[in-house]
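Colleague: predicted model follows, preceded by the sequence.
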Amino acid sequence: MTVIRPIITAAQVEDAVKLTLQTWFNTYLREIEIQGGLTALELPLPRSYTVVNELDDFPELQLPRVLIISPGTVGDPRAEGDGTMTFFWRVGIGIVAQGNTRETTNRNTKLYAAAARAILLQKQGLGGLATNIDLESEEYDEYSPDQSRTLGVASLVTIVTIPGAVNRRGGPAVAVPPDPDTIPGSNWPIATTADIEITRE
């Protein structure tokens, strides 16, 4: 195990959110169709999932489209007793959708937002990276790239709790990368079992 201990980055958080949405969107969209009395497969799956720098940047790609962004952490990190620090990342999810009519576009936008909301609140672990996800806001808007059509835009803002983002008790003694040949154990895996021999004296 490295002496520096794990270092969680915002990119890892964004990727975990992206993978979770990709994995579950089909299941949740079909459930929304059932609960809403819609035709099966009426809501097409998102055609792309992209990590971006701004949620108001909608390049012309196939729709529906899911955008993910983390502008940074929120609040103070929480110090745990073992030296680890729990961080709270703000993660935004943007969904760009369309329909045959303005009314359908508005409806579809809100349905995709509901699917994303349910996924993140019910799959809060993000594959083991997070322990909790809270929804801060969910908003809807229109976006008109030209006069010929109107797109629907949903924006969700979540707070993702990441334990062990860094360990304040870790770190090497000198600013030189450890050499496995001269520092035994620096890259060894963590032991999961042990053989113990007891000798009576």
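Modeller: That came through fine.

Colleague: how many other residues sit next to the nearest residue to residue 69 once chain neighbours are set aside?
Modeller: Using Cβ to Cβ, 6 or more residues apart in numbering and skipping the chain neighbours, the partner closest in space to residue 69 is residue 92 (4.8 Å). From N, CA and C alone the C-beta is placed, and that goes for glycine too. When counting by other Cβ atoms under 10 Å, one arrives at 20 neighbours for residue 92.

Colleague: from here on, call the first residue 179.
Modeller: Fine by me, first position is 179 from now on; the one you just mentioned is residue 270.

Colleague: and residue 270, which of the three is it?
Modeller: Per DSSP: H, G, I helix; E, B strand; the rest coil, the local secondary structure of residue 270 is strand.

Colleague: from residue 190, how far out is it?
Modeller: Between residue 270 and residue 190 the distance is 16 Å, computed by Cβ to Cβ, to the nearest Å.

Colleague: with residue 298 instead?
Modeller: Counting by Cβ to Cβ - residue 298 and residue 190 are separated by 16 Å.

Colleague: partner strands of the helix or strand of the chain with the lowest mean pLDDT and their direction?
Modeller: When the helices and strands of the chain are scored by mean pLDDT, DSSP states H and E, strand 310-324 comes last with a mean of 90. Strands adjacent to strand 310-324 in the sheet, as given by DSSP bridges, are strand 327-345 (antiparallel).

Colleague: centre of the chain to the partner strand, how far?
Modeller: Taking the mean of its C-alpha atoms, strand 327-345 sits 7 Å from the chain's own mean (Cα atoms, centre = their mean, to the nearest Å).

Colleague: hmm, who's touching the least confident helix or strand of the chain?
Modeller: With Cβ atoms under 8 Å, 6 or more residues apart in numbering as the contact definition, strand 310-324 has outside contacts at 236, 238, 268, 274, 283-284, 287-288, 291, 295, 298-299, 302, 304, 328-339.

Colleague: and that strand, which residues are buried?
Modeller: By 16 or more other Cβ atoms under 10 Å, the buried positions in strand 310-324 come out as 311, 316.

Colleague: where do the strands sit along this structure?
Modeller: Secondary structure of the chain (DSSP state E): strands located at 226-229, 243-251, 256-257, 262-275, 310-324, 327-345.

Colleague: those: which one's closest to residue 186?
Modeller: Among these, strand 327-345 comes nearest to residue 186, with 4.2 Å by Cβ to Cβ.

Colleague: give me the angle between the closest one and strand 243-251.
Modeller: Angle between the axes of strand 327-345 and strand 243-251 is 40 degrees (criterion: axes from the mean of the first three to the mean of the last three Cα atoms, to 10 degrees).

Colleague: list the buried residues for strand 327-345?
Modeller: Residues of strand 327-345 classed as buried: 328-340, 342-345 (neighbour count, 16+ other Cβ under 10 Å).
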